[in-house]
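Participant: Any chance you can model this:
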Amino acid sequence: MKLYTIEDFRKINKLENIVISLHGQLRLIERNISVEDVMNAIDNGDIIEQYPEDFPFPSCLILGLTIKGQYIHIVVSMNETKIYLITAYVPDPAKWESDLKTHKEAKK
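Facilitator: You can find the predicted model right below:
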């Protein structure tokens with residue numbers, strides 16, 4: 001079971017190493033998030049959740065900043081040479097605590 005470190009992503013965080021899924025491409029356009037924003041989030045962010053069972057590679061959720069200083073979440077995976085962007089979004093304060101790292105508890 002592979003768990004990533006943020007340093008694993010930073011080592012290969014170059015434009016030519018980023019592969020964006022079709023879903024990821026659509027979400028970036030829809031949410032006005034650039035690839036540069038994603039790269040910036042990797043450079044200054046932290047892994048806040050790990051998804052070791054994801055296929056074909058384990059993935060993780062990173063909280064980081066866009067180039068304009070807005071917080072975003074990105075879901076990424078990687079192999080030895082490529083970072084795979086699955087999705088990116090601005091965290092919804094209705095779903096996340098003020099630290100943007102902790103899910104709010106579902107109301108019962």
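Participant: How about the secondary structure of Asp43?
Facilitator: Following DSSP: H, G, I helix; E, B strand; the rest coil, we place Asp43 in the helix state.
Participant: That one touches Arg10, doesn't it?
Facilitator: Yes - using CB atoms under 8 Å, Asp43 is in contact with Arg10, at 6.3 Å. Using the backbone N, CA and C atoms, a C-beta is placed for each residue, glycine as well.
Participant: Helices along this structure, start to end?
Facilitator: Ranges of helices within the chain are 6-11, 22-31, 35-44, based on DSSP state H.
Participant: hmm, who's touching the second one?
Facilitator: Outside of helix 22-31, the residues that reach it under the criterion CB atoms under 8 Å, 6 or more residues apart in numbering are 20, 33-35, 38, 85-90.
Participant: need the contact list for the residue nearest the centre of the chain.
Facilitator: In the chain, the centroid-proximal residue (CA atoms, centre = their mean) is Ile74; its distance is 1.8 Å. By CB under 8 Å, 6+ apart, the contact set of Ile74 is 38, 41-42, 45, 61-62, 64, 85, 87-88.
Participant: and Thr87, what pLDDT?
Facilitator: The model reports Thr87 with a pLDDT of 95.
Participant: Distance-wise, check Asp99 relative to Pro93.
Facilitator: Counting by CB to CB, to the nearest Å, the gap from Asp99 to Pro93 is 11 Å.
Participant: So which of the contacts of helix 22-31 is the closest to Asp54?
Facilitator: Of all those, Ile86 has the smallest distance to Asp54: 8.5 Å, by CB to CB.
Participant: Okay, now the unreliable bits of the chain?
Facilitator: Where the chain drops to pLDDT under 70, the residues are 1, 106-108.
Participant: where do the strands sit along it?
Facilitator: Remark: strands assigned in the chain by DSSP state E are 18-20, 46-51, 59-65, 71-78, 83-89.
Participant: what pairs with the second one, and is each one parallel or antiparallel?
Facilitator: Put plainly, it is strand 46-51. strand 59-65 (antiparallel) (DSSP bridges).
Participant: Any buried residues in the partner strand, and which?
Facilitator: 59-64 (16 or more other CB atoms under 10 Å).
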